[in-house]
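S.K.: Here is my input, please return the structure:
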Amino acid sequence: MRVIELENVAYSYGGGELLSDISLRLAPGSFHFLTGPSGAGKSTLLKLCYLELAPTAGRVQLFERPSEGYSRDEVARARQRIGVVHQDCQFLDHLPLAENIALPLTVAGRDVEAERGNIAELLRWVGLEAHADALPPSLSGGERQRAALARAVVMSPDIVLADEPTGNVDWEMGQRLLQLLVELNKMGKTILVATHDLTLIRTAKSKVAARVLRISKRRLQLAGADL
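M.R.: Predicted structure coming up:
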């Protein structure tokens with residue numbers, strides 16, 4: 001089984017082709033890094049994976065179903081099985097942190113009150129239990145990224161896609177975020193992390209069997225063994 005599969009996918013933007021002939025297969029429980037220079041299309045590739053964008057050529061399959069076969073409601077349900085950590089994580093500044101983390105449950109029509117214990121445990125897992133009632137503007141960059149990860153996994157997704165999750169934090173916080181992603185992978189989650197941080201990748205390879213992919217000249221390739 002493959003949870004995500006891209007077959008000869010291309011994506012054009014602004015009249016030019018950003019990605020070309022991309023093929024990618026993510027098996028359940030796998031861990032992948034996606035590298036490449038700024039502007040290479042890493043974020044775009046992630047968006048293709050969770051159906052935020054549609055390819056201009058080729059085929060995307062999600063949970064072994066072609067994306068073109070999904071209705072709008074089915075896309076929404078499929079996305080509940082995918083947790084996304086954005087580089088520039090946005091929160092509702094007037095809501096306490098615990099309520100922000102619970103937002104995906106609210107959107108999905110779940111009983112948030114019945115999930116309070118799970119939310120509290122999630123806050124402990126990311127080390128933010130003391131900030132449950134804090135408003136997002138009071139959080140540091142590292143705290144916001146950990147909160148973004150907590151929100152991404154509150155629905156217990158099968159897949160976690162993280163876009164430069166350590167891009168705005170220091171080395172120590174980056175290692176802490178990496179450890180959380182490794183723990184999720186050991187729980188059976190499929191992980192795909194877009195990053196330009198080669199030191200993070202080298203550290204990760206001592207903790208988890210990670211495959212490293214690189215976007216270069218619009219195409220996807222297996223990164224060299226020197227990483």
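S.K.: which element is the spatially most central residue of the chain on?
M.R.: Nearest to the mean C-alpha position of the chain, counting by Cα atoms, centre = their mean, stands Leu161 at 1.7 Å. Using DSSP states H and E, Leu161 sits in strand 159-163.
S.K.: just checking, what packs against that strand?
M.R.: Judged by 3 or more Cβ pairs under 8 Å, 6 or more residues apart in numbering; DSSP states H and E, strand 159-163 is in contact with helix 42-49, strand 82-85, helix 141-153, helix 171-186, strand 190-194. (Glycine included, C-beta is placed from N, CA and C.)
S.K.: Adding distance to Gly109, write these out as JSON lines.
M.R.: Formatted as JSON lines, those follow (distance: least, Cβ to Cβ, whole Å):
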{"stretch": "helix 42-49", "distance to Gly109": "25"}
{"stretch": "strand 82-85", "distance to Gly109": "18"}
{"stretch": "helix 141-153", "distance to Gly109": "17"}
{"stretch": "helix 171-186", "distance to Gly109": "25"}
{"stretch": "strand 190-194", "distance to Gly109": "25"}
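S.K.: right, and these - which one's nearest Phe63?
M.R.: Closest to Phe63 of the helices and strands packed on strand 159-163, according to Cβ to Cβ: strand 82-85, at 9.5 Å.
S.K.: Which residue ranges of the chain form helices?
M.R.: 42-49, 72-79, 97-101, 103-107, 116-125, 141-153, 171-186, 198-204 (DSSP state H).
S.K.: possible to save these as TSV with mean pLDDT, distance to His86 and mean neighbour count?
M.R.: Formatted as TSV, these follow (pLDDT from 0 to 100; distance: least, Cβ to Cβ, whole Å; neighbours: other Cβ atoms under 10 Å):
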stretch	mean pLDDT	distance to His86	mean neighbour count
helix 42-49	96	9	22
helix 72-79	91	14	13
helix 97-101	97	13	22
helix 103-107	94	13	15
helix 116-125	95	18	15
helix 141-153	94	7	22
helix 171-186	92	13	17
helix 198-204	90	17	17
